[in-house]
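**Student:** Quick one, fold the following:
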Amino acid sequence: MKVHLDESLCVGHGRCYELSAAVFSEDECGHAVLLCQKIPREHEAAARKAELNCPEDAIRLEED
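**Tutor:** Numbers count the residues shown, from 1 in each chain. Below you'll find the predicted structure:
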C-alpha cells in the first residue's frame, strides 16, 4: 500500500501522526509529513484509520 499526502490541504489537526506515527510525523508548524511512501503491512490498518480521520481529506491510500 502507498500513501499520498496533499500538503496544501493539511492544516495541522494532527490526527494522522497520532493514529499512525510510523507513517506520519509533523513539521515545525504541526502539519503532517510522510515518513514513508510505501506502508509496511503491519502499519496499514493504522494508516487507513489516519486516512479516514483526516478532516481535510489530505491523505489518500492506494493499493499496490
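
**Student:** Where is the longest helix in the chain?
**Tutor:** Longest helix of the chain, by residue count under DSSP state H: helix 44-52.

**Student:** and the next element down the chain from it?
**Tutor:** Once the chain leaves helix 44-52, the next helix or strand it forms, by DSSP states H and E, is strand 59-62.

**Student:** can you pull the buried residues of that next one?
**Tutor:** Neighbour counts over strand 59-62 (16 or more other Cβ atoms under 10 Å) mark 59, 61 as buried. (Glycine included, C-beta is placed from N, CA and C.)

**Student:** same check, this time on stretch 51-64
**Tutor:** Neighbour counts using 16+ other Cβ under 10 Å place 51, 54, 58, 59, 61 of stretch 51-64 among the buried residues.

**Student:** which of those residues lies closest to residue 31?
**Tutor:** Set against residue 31, the nearest of these by Cβ to Cβ is residue 58 (9.3 Å).

**Student:** if we can go back for a sec, turn the buried residues of stretch 51-64 into CSV, columns for pLDDT.
**Tutor:** Converted to CSV, the buried residues of stretch 51-64 look like this (pLDDT from 0 to 100):
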residue, pLDDT
51, 98
54, 98
58, 98
59, 98
61, 98
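
**Student:** Low-confidence stretches in the protein?
**Tutor:** Scanning the chain with the threshold set as pLDDT under 70 gives no residue ranges.

**Student:** re the thing from before, which one of the buried residues of stretch 51-64 is nearest residue 41?
**Tutor:** residue 61 (12.9 Å).

**Student:** In space, what's closest to the closest one - neighbours in sequence excluded?
**Tutor:** residue 51 (5.2 Å; Cβ to Cβ, 6 or more residues apart in numbering).

**Student:** Kindly provide the distance from the one you found to residue 20.
**Tutor:** Distance, residue 51 to residue 20, using Cβ to Cβ, to the nearest Å: 9 Å.

**Student:** Give the burial count for residue 40, as a bare number.
**Tutor:** Residues lying near residue 40 (other Cβ atoms under 10 Å) number 11.

**Student:** Contact partners for it?
**Tutor:** Residues counted as contacts of residue 40 (Cβ atoms under 8 Å, 6 or more residues apart in numbering) are residue 22.
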